[in-house]
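Q: Fold the following, please.
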Amino acid sequence: MINLENIDILKDRANVSYQEAKEALEICDGNLVDALIYLEKSEKIRPERKATRDKFAESSQNFGEETKKVFSKMNAHRFMIQKDGETFLNIPSILALVLIICTFPVSIILLVLGVIFGFKFRVRNKKGKAVEMIEKIKETFSDNEPKA
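A: Residues are numbered from 1 along each chain as shown. Below you'll find the model as predicted:
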């Protein structure tokens with residue numbers, strides 16, 4: 001006997017459509033076990049879909065882990081502004097990023113003025129190795145200039 005309850009059970013178990021569940025039950029004379037075996041042999045059973053809640057929990061956990069990695073790397077680096085060997089600013093790079101984002105137009109103007117007046121902008125890692133950002137940018141652009 002084929003009824004809606006059996007169709008629902010087969011649909012949920014095999015992760016198939018109502019039509020596929022009904023057809024399988026019709027072929028197997030309403031026997032649920034035979035219908036499951038039929039669907040399995042005909043490779044119509046689909047892998048179980050994860051619930052939206054599970055997908056969201058998994059993606060938010062991955063996002064949290066990646067965010068922790070980024071923050072720990074940024075916290076390990078320091079943003080420095082120097083001129084003639086004297087350090088004017090030495091803060092964690094995460095703080096520098098937040099300040100730049102919050103005061104974007106002002107910080108762009110200050111960075112340009114700093115370059116004009118000869119300040120050096122550096123990011124220093126735990127080992128003390130400095131990366132001179134402006135010098136790297138200047139090298140990149142000067143290598144691409146056409147030679148006369």
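Q: Show the contacting residues for Lys44.
A: Residues near Lys44 by Cβ atoms under 8 Å, 6 or more residues apart in numbering: Ala14, Val16, Glu20, Ala24. For the C-beta atoms, the positions are set from N, CA and C on the backbone; glycine is no exception.
Q: Tell me the most packed of those, by neighbour count.
A: Ranked by the number of neighbours (other Cβ atoms under 10 Å), the contacts of Lys44 place Ala24 first, at 26 neighbours.
Q: Could you tell me the model confidence score at that one?
A: pLDDT recorded at Ala24 is 92.
Q: Which of the helices or strands spans the residue nearest the centre of the chain?
A: Centroid-nearest residue in the chain: Phe63, 6.1 Å away (criterion: Cα atoms, centre = their mean). Using DSSP states H and E, Phe63 sits in helix 52-75.
Q: avg pLDDT for that helix?
A: On average, helix 52-75 scores 77.
Q: other SSEs contacting that helix?
A: The helices and strands touching helix 52-75, judged by 3 or more Cβ pairs under 8 Å, 6 or more residues apart in numbering; DSSP states H and E, are helix 93-102.
Q: what element comes up after the helix it packs on heading to the C-terminus?
A: Immediately after helix 93-102, counting by DSSP H and E, sits helix 104-116.
Q: Show me the shaky parts of the protein.
A: Along the chain, the parts satisfying pLDDT under 70 run over 48-54, 128-148.
Q: Now do the domain split for this structure, please.
A: 4-41, 74-143 (automatic domain parsing).
Q: winner for burial among those?
A: domain 4-41 (a mean of 16; mean count of other Cβ atoms under 10 Å).
Q: returning to what we had before: now do the helix holding Phe63 and helix 93-102, the angle between them.
A: 110 degrees (axes from the mean of the first three to the mean of the last three Cα atoms, to 10 degrees).
Q: residues in contact with the closest residue in space to Phe117 that isn't next to it in sequence?
A: Of all residues not flanking Phe117 in the chain, Lys83 sits nearest, at 7.6 Å (Cβ to Cβ, 6 or more residues apart in numbering). Going by Cβ under 8 Å, 6+ apart, Lys83 touches Phe117, Gly118, Phe119, Lys120.
Q: Distance of Lys83 relative to Cys102?
A: 24 Å (Cβ to Cβ, to the nearest Å).
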